[in-house]
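Enquirer: Could you look at this predicted model? Sequence included:
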Amino acid sequence: MNTEDVLNEFRDAGALREGHFVLSSGLHSPVFLQKNLVFMDGARCERLCKALAEKIVATVGPVDAAISPAVGGIIPGYETAKHLNVRSMYVEREGGEFKLRRGFSVEPGEKIVMVEDIVTTGLSSRECIAAIQKAGGHVVAAACIVDRSGGKVDVGVPLIALASMEVPAYPADALPPELAALPVEDPGSRRLSK
Ligand SMILES: O=P(O)(O)OC[C@H]1O[C@H](OP(=O)(O)OP(=O)(O)O)[C@H](O)[C@@H]1O
Ligand SMILES: O=C(O)c1cc(=O)[nH]c(=O)[nH]1
Ligand SMILES: [Mg+2]
């Protein structure tokens, strides 16, 4: 499955949104990938995550577990882990910091793939990887459905992206006038009150 195939899945799901969005990083963008509309369709989610699992195995070989950052990473992490035939876990924020909770744990040195939905700046991925390492896991790779940086971000481990594209994103004080003129949507969970 190549980038165009993946974007067609987003288009067909009505998940390739245009407007004015504030992203998890605080950057503003005219494009938002509303991945929940993709993952709500089991067959679509399976097509994407099966392809991602195959790419992970082809790149780094077998792994012991997949761990994702909540909320967006949970469904693709679970589905990708299913095709890797490994257990699926997630980290979630406690006092702002990602942690393994709910009885999830890793054995020291276990080979972990961090599975993310969308990568923009890589901040969520790096935070998730740090949490896995703190818990004792060896993160052999990061994987995502879409890398919006077009391969530019560095998450500290190899990043395996099913689709890679460069999407414009701007700091709040440097918005192009046509973007500034549109009302802002803040669809992610990072700024939700706890
Ligand atoms: O590479 P980054 O700049 O970190 O951006 C990508 C992250 O942003 C979104 O999560 P968000 O924090 O919006 O919450 P969600 O997972 O609940 O959608 C998305 O799920 C990624 O985790
Ligand atoms: O950077 C983000 O927060 C982000 C971008 C995007 O297209 N989709 C998403 O869910 N999050
Ligand atoms: Mg997320």
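Expert: Great, that's in hand. Everything quoted here is computed from the prediction, not taken from an experiment. Ligands and ions are numbered 1, 2, ... in the order given.
Enquirer: Tell me which residue of this structure lies closest to ligand 3.
Expert: residue 72 (3.4 Å; C-beta to the ion). To be clear about C-beta, it is placed using only N, CA and C from the backbone, and glycine gets the same treatment.
Enquirer: Which strand or helix spans that residue?
Expert: Under DSSP states H and E, no helix or strand contains residue 72.
Enquirer: what about the closest residue to it other than its chain neighbours, neighbour count?
Expert: Among residues not flanking residue 72 along the chain, residue 117 sits closest, at 4.2 Å (C-beta to C-beta, 6 or more residues apart in numbering). When neighbours are counted by other C-beta atoms under 10 Å, residue 117 registers 23.
Enquirer: got it, and the one 5 residues further on?
Expert: Using other C-beta under 10 Å, residue 122 has 22 other residues around it.
Enquirer: show me what contacts residue 54?
Expert: Residues near residue 54 by C-beta atoms under 8 Å, 6 or more residues apart in numbering: residue 83.
Enquirer: And for the one 10 residues further on?
Expert: Counting by C-beta under 8 Å, 6+ apart, residue 64 makes contact with 86, 106, 107, 110, 111, 112.
Enquirer: Name the nearest residue to it, sequence neighbours excluded.
Expert: Per C-beta to C-beta, 6+ apart, closest to residue 64 is residue 110, 4.3 Å.
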